[in-house]
Each structure stands twice: as structure tokens, then as C-alpha cells.
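[1] the sequence and its predicted three-dimensional model are supplied below.
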Amino acid sequence: MPDRPGFDVLCKGCGRSLVTVRLLRDPEIDVLVDHLRVCSASEPLGDTPMLGTILRGLLVRAVDHQMNTDVPTDQAAVTAKSESR
Ligand SMILES: [Zn+2]
């Protein structure tokens with residue numbers, strides 16, 4: 001089963017969606033820092049940016065569970081009324 005993404009992380013400067021993750025870990029943070037370094041619309045980062053500094057240039061949005069569609073349970077309509085005689 002694939003993990004369901006939990007958060008959209010967008011660049012505050014240019015508004016691009018950078019990653020969609022459940023948890024922010026080092027690989028994701030690398031992606032974000034890489035973008036912030038090259039994104040001319042965002043504030044420049046120092047050599048060793050703190051997480052707070054990184055997050056200041058980002059917008060974190062919870063992903064709506066729009067894929068969670070209601071499936072009618074047709075099986076509930078199946079009743080066992082047939083008598084075997
Ligand atoms: Zn950007």
C-alpha cells in the first residue's frame with residue numbers, strides 16, 4: 001500500500017508545489033533548500049540554514065483526502081433468503 005501524502009509544501013516566493021509528504025525528512029528538506037537557493041522569488045538562505053529559516057520561505061498545506069470516495073456497499077443488499085428445499 002502506498003503511503004498517503006499528508007502535506008503539500010509550497011514555495012512562498014513563487015508559489016510552486018515542491019514536495020508532497022507525510023513527514024519532512026532530510027531528503028525532502030534537501031529538495032526544499034535546493035529550490036530556495038535557486039528561487040529568485042524567495043529569500044536567500046545562508047550556508048547552514050536553520051529549519052526555521054527554511055520553513056519561513058515555505059507554505060505548508062494539509063492535503064485534502066479527495067481520493068477517499070464513498071463506495072456503495074452493494075453486498076449489503078444481498079440477502080440470503082433462498083430456502084434450499
Ligand atoms: Zn520558489
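    Sure, I can see it. This structure is a prediction, so every number in the text was calculated from the model and none was measured.
[2] so which helix or strand takes in residue 36?
    helix 26-38 (DSSP states H and E).
[3] summarise which helices and strands the helix or strand just after that helix is packed against.
    Beyond helix 26-38 in the direction of the C-terminus, DSSP H and E gives the next helix or strand as helix 51-56. Under the contact criterion of 3 or more CB pairs under 8 Å, 6 or more residues apart in numbering; DSSP states H and E, helix 51-56 touches helix 26-38. No exception for glycine: its C-beta is placed from N, CA and C like everyone else's.
[4] check which residues of the helix it packs on are buried.
    28, 29, 32, 33, 35, 36 (16 or more other CB atoms under 10 Å).
[5] quick one: is it near the ion?
    No. Helix 26-38 is not in contact with the ion by CB under 5 Å from the ion; minimum separation 5.6 Å.
[6] same question for that helix, mean pLDDT?
    Averaging pLDDT along helix 26-38 gives 93.
[7] helices and strands around it, which ones?
    Secondary-structure packing of helix 26-38 (3+ CB pairs under 8 Å, 6+ apart): strand 7-11, strand 17-21, helix 51-56.
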